[in-house]
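Participant: Next comes the sequence, and after it the predicted model I'd like to discuss.
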Amino acid sequence: MATTEIWSDADIQETNNTQLEDRPSLYVETFQSIQSIVMAKERFLFSPMQQACLDRIQTLSYPARYLLIRLCLCKRAKWHSLASLEGRYSTEIGRKENISKAIDELCGITSETETQLQPQSQAKTEGREIIDLTLDDTDDELAAGSNVEENQCNFAEDEQVATLRELLECLQHEELKDLGKQMKVLKASQKRSTLSEAIISTASKQLVLGTSVLSFRNNEVKESSKRQLTLNFSRDAKSTQTQLIKQKIRRMLGRCIRIHPAIFSLLDRLNIVFFRSTSYNPSLLLPALLDGFRKRKHAPTNYTRTVGIFPSCQALSDYQDALMLEARIDDVLSGENKVKGNGKADIDINSRSEDAKLVHDIFRGIYDRWKDLIALDVEEETLPLARFHCGHVLTRIVCKGAEALGLLKEYVQEMEVLKVLLSQKKWRRGQRGAWYNRLALIMMTHMERTTQNCEAAMDIVISGLEDELTHLLYRPRLQRRLCRLEKRLNIPLNERHKCERQLQNAADVHIEGTRIKSTLGELGRPKAEATPNWSKPEMNRSPTAVSQINGTAAPHAAQSWKGNTRWLGKDGTEISVEELALEYYREQGYKGFHSEGRIVFTVFGLLFWDIIFASIPGAFETPYQSAPLDLFEDSFYEVRKEMITHRLDAIAQGQAHQLLEEVYDRESPTRTVCVGVDWDFSKQDLLEIVDCIDGKTLVPICQAISEDYRHMRGGIPDLLIWNIECTDCKFVEVKSPKDRLQENQRVWIDILLGAEMSVELCHVLEKRRRVKSRRLSPSQSSVKYLTPESEDNKDHSDQKSECRNKRSRDSDDFIPTIPTSYKRSKEELPNATAKPHS
């Protein structure tokens, strides 16, 4: 799941400081506005009980309605104590008395309810006398709490249904320590979590003693009580002790409240219907609230509500359930369940397999249902709205399930899933090229290497190339795979397929730098010692391996190096490989950014601003959109083809400078939200870039983005550099050692070169240190290059050689190469008597 954002009180500061019925809070006003818009024309998308619940919200008192909305914007399944609510919301709804009444109203507790519950509470105390052996004497007499019967119309739950663990989480740290003292489990320097576990463990182990109750009436003892006192060791003893501690915590906290999960589900549905969400977002009302508090400015649009997006209540329920399942998978893949207390992910060598098993279980639960959906006929006119069908979301889940099967090495099942994906053309048609390529790769590498399997793989590749729905992004990879298969099958040259054109290659540039090794991750790492020539940073180093740096041993040389490579900058700081390349081009008189496409899409958004926000039916459903709903669809270009062609003609005539300047001056003061536009880039830099790029060169770039915005978002070269004095602009793709071009990067380089744009492929190499050899022999060079490994480490050298010649599972461009050191010894040092280079 995108990283998800949880709405908190710190995000927006409340501006109202007084309780005014005629001036409700913006939270309440925004919710009421959204509810009225949805219920006006799409009320049928909610069940009768959900409709009644939404209608009841409007009948709540203002404090209860405000408290409900604010708590729904907080973290879910969280208990809120009365003290915390008073500190946050007292300026809007008053002090403890008003907040307590609001809690009772949300929980469905009235004065009549309390009267009915009082006899039940007294009846519970008319049992055996409880003798507490753990708490103080002042806490001996505790009345057992009453449990409110669960009402489906209630919006929240009170402290009576909270577990002991949940109540402990509501306590402040000092209050928790006081409770630990009373239970004699507090230790010095004890963490909050450890103390809570100790209290829960003690409560579950300790027993209470029960005796018969002596009842005196008219100075006479009842006959039923004329017996010897007994001790109670029944099964309910442990639960009774837990109830005693819970009662004590309730007295410390006062009141507590938690919004019912069903209410969150209902508001999620309301949020999906209003914002037309295509992915699950736990932050309710967020775009509208940011706009209302002037934290975000949306472009004014003529939006219209389309009623038929969700045909029925059941269709919306299926769509919402599918989004929730996809969110669960995203949480698994993002590692949110493997975060330790220090905030770092718990990295385990088997974590990928465990995650794949969890994803596989979810996938198997929906696979049969998804196959039933693709068997149904879908009318052609409904295809633009296919993204709001549950089958579209389930298809995304099936794609992730196929990847999980590959990680689990269930290749036969993965092939079956890929074939079913290719058999349908309703959803995710842009991914068909990737499915063809993966299916052919499995046949080539994971099945028995026979002529029959190779021929089957070639048929799959040919079908992919002949498929009109195969995107341009995947065609070069399929073409290269076809060439390899034809060579493997020894097909005569005159019978082999010929490609109409090949992708162009960028000019190669080589620079050198000093790579450094760090012991921490990508964020927050300290400055580290330089280690020249880390030949394979992903490989786990042997504990005995020591890298020599100026005669001293690197303290962390035995640890593995993962993540992006880090390099030593000219000022001695630790920088990325892209920043190292920027230093090189800065010396040549260029300015530039490591933007990875942000500048290109910012320029595109400013030049096509009025076209992006054009009034197209079905494009804008709410006033809080930063892009039209069909931006990622094929229909975006087709519907606006005339407007886009007219704009491209204006850009070719040199009007890009004027168009960009007008939009920037109009929208930048309010930083209006638009897809792809980054207001952090200055107006001067953007105008200089547009002036350095010829209009006829800019036209193919903008046309490629407008025709397929979704696929063109990735792959743009890392750096955009320019020199305004000589009106020169370049795109530079930076690659560290062992790094290769991805497929979308190859396509973008070909597009840029086709537009007569200068593109360079900058290879960053490591500096090598050369020293004189003590002994010379005819078979040895007089110069040696020191590496972090020891000079006599033959095992590590063999391991590097094996890694070079090992074909990766997903490798498409494997070319055997001769080790660099061997090349230098042959080319630079032809004989043993040559003098060493200075």
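Facilitator: Sure thing, it's come through.

Participant: who touches residue 465 in this structure?
Facilitator: Residue 465 is in contact with 475, 478, 479, 482, counting by Cβ atoms under 8 Å, 6 or more residues apart in numbering. Where C-beta positions appear, they are placed from N, C-alpha and C, glycine not excepted.

Participant: for residue 447, same thing?
Facilitator: Listed by Cβ under 8 Å, 6+ apart, the contact partners of residue 447 are 411, 453.

Participant: May I have the phi/psi pair for it?
Facilitator: Phi and psi for residue 447, reported as degrees, to the nearest 10, are phi -100, psi 170.

Participant: Look up how far residue 501 lies from it.
Facilitator: Here residue 447 is placed at a distance of 32 Å from residue 501 (Cβ to Cβ, to the nearest Å).

Participant: Ok, residue 263 next?
Facilitator: From residue 263 to residue 501 the distance is 59 Å (Cβ to Cβ).

Participant: Comparing the two, which shows the higher neighbour count?
Facilitator: Neighbour comparison, residue 263 and residue 501: the larger count goes to residue 263, with 18 against 7 (by other Cβ atoms under 10 Å).

Participant: In a strand, that one, correct?
Facilitator: No: read with DSSP: H, G, I helix; E, B strand; the rest coil, residue 263 is helix and lies in no strand.

Participant: Which residue is the nearest non-sequential neighbour of it?
Facilitator: In space, not counting the residues next to it along the chain, residue 263 is nearest to residue 155; the distance is 5.4 Å by Cβ to Cβ, 6 or more residues apart in numbering.

Participant: Quick check, the one you found in contact with residue 259.
Facilitator: Yes: distance between residue 155 and residue 259: 6.7 Å, which falls inside the contact criterion (Cβ atoms under 8 Å).

Participant: Identify the contacts common to the two.
Facilitator: Joint contacts of residue 155 and residue 259 (Cβ under 8 Å, 6+ apart) are residue 68.

Participant: Which one's more surrounded, those two?
Facilitator: Ranked by neighbour count (other Cβ under 10 Å), residue 155 and residue 259 place residue 155 first, with 25 against 22.

Participant: rewinding a little: which of the contacts of residue 465 fall within strands?
Facilitator: When these are checked against strands using DSSP state E, none is located there.

Participant: just the buried members of those?
Facilitator: When burial is judged by neighbour count using 16 or more other Cβ atoms under 10 Å, the buried members of the contacts of residue 465 are 475, 478, 479, 482.

Participant: The second one against residue 437, yeah?
Facilitator: Yes: counting by Cβ under 8 Å, residue 478 does reach residue 437; the two are 5.9 Å apart.

Participant: quick one: the helices in the stretch 401-550 of the chain?
Facilitator: Secondary structure of the stretch 401-550 of the chain, counting by DSSP state H, counting those that start in this stretch: helices at 411-423, 432-445, 451-466, 475-488.

Participant: Just the buried residues of the shortest one, please?
Facilitator: Residues of helix 411-423 classed as buried by neighbour count (16+ other Cβ under 10 Å): 411, 414, 415, 417, 418, 420, 421, 422.

Participant: for residue 372, what are its contacts?
Facilitator: Applying Cβ under 8 Å, 6+ apart to residue 372 gives no contacts.

Participant: Export only the CA atoms of the one helix or strand it maps to, formatted as CSV.
Facilitator: If you go by DSSP states H and E, residue 372 is part of helix 351-374. Below are the C-alpha coordinates for helix 351-374, written out as CSV (Å, rounded to 0.1, in the frame of the first residue of the first chain):
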residue,chain,number,x,y,z
SER,A,351,11.0,-12.6,5.4
ARG,A,352,10.4,-12.5,1.6
SER,A,353,9.2,-16.1,1.7
GLU,A,354,6.9,-15.5,4.6
ASP,A,355,5.5,-12.4,3.0
ALA,A,356,4.9,-14.4,-0.2
LYS,A,357,3.0,-17.1,1.7
LEU,A,358,0.7,-14.4,3.3
VAL,A,359,0.1,-12.9,-0.1
HIS,A,360,-0.5,-16.3,-1.6
ASP,A,361,-3.2,-17.1,1.0
ILE,A,362,-5.1,-13.9,0.2
PHE,A,363,-4.7,-14.6,-3.5
ARG,A,364,-6.1,-18.1,-3.2
GLY,A,365,-9.2,-16.7,-1.4
ILE,A,366,-10.2,-14.6,-4.3
TYR,A,367,-8.8,-16.4,-7.3
ASP,A,368,-11.9,-18.5,-8.1
ARG,A,369,-14.2,-15.5,-7.7
TRP,A,370,-12.0,-13.5,-10.1
LYS,A,371,-12.1,-16.2,-12.7
ASP,A,372,-15.9,-16.1,-12.5
LEU,A,373,-15.8,-12.3,-13.1
ILE,A,374,-13.7,-12.5,-16.2
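
Participant: quick one: that helix to chain centroid distance?
Facilitator: For helix 351-374, the separation from the chain centroid amounts to 19 Å (computed by Cα atoms, centre = their mean, to the nearest Å).

Participant: Would you mark the buried spots in it?
Facilitator: By neighbour count, with 16+ other Cβ under 10 Å as the criterion, the buried positions of helix 351-374 are 355, 356, 358, 359, 360, 362, 363, 366, 367, 370, 373, 374.

Participant: wait, the fourth one sits on residue 400?
Facilitator: Yes: using Cβ under 8 Å, residue 359 is in contact with residue 400, at 5.8 Å.

Participant: Pull up the gap between the residue nearest to residue 263 and residue 201, please.
Facilitator: The value you get for residue 155 to residue 201, if Cβ to Cβ is used, is 34 Å.

Participant: What of residue 477?
Facilitator: Applying Cβ to Cβ to residue 477 and residue 201 gives a distance of 57 Å.

Participant: what does residue 429 give?
Facilitator: For residue 429, the distance to residue 201 under the criterion Cβ to Cβ works out to 56 Å.

Participant: between these two, who's got more neighbours?
Facilitator: Residue environment comparison for residue 429 versus residue 201 gives the larger neighbour count to residue 429, 18 against 11, counting by other Cβ under 10 Å.

Participant: What does the pLDDT read for the more buried one?
Facilitator: The score at residue 429 is 86. That number is its pLDDT.

Participant: Is it in contact with residue 468, as I believe?
Facilitator: No: in terms of Cβ under 8 Å, residue 429 does not count as a neighbour of residue 468; the distance is 10.0 Å.

Participant: what does stretch 47-56 rub up against?
Facilitator: Outside stretch 47-56, the residues touching it (Cβ under 8 Å, 6+ apart) are 35, 39, 43, 46, 152, 153, 155, 263, 266, 269, 270, 313.

Participant: Please repeat the previous calculation with a cut-off of 10 Å.
Facilitator: Counting by Cβ atoms under 10 Å, 6 or more residues apart in numbering, stretch 47-56 makes contact with 35, 38-39, 43-46, 152-155, 262-263, 265-267, 269-270, 313-314, 317, all of which sit outside it.
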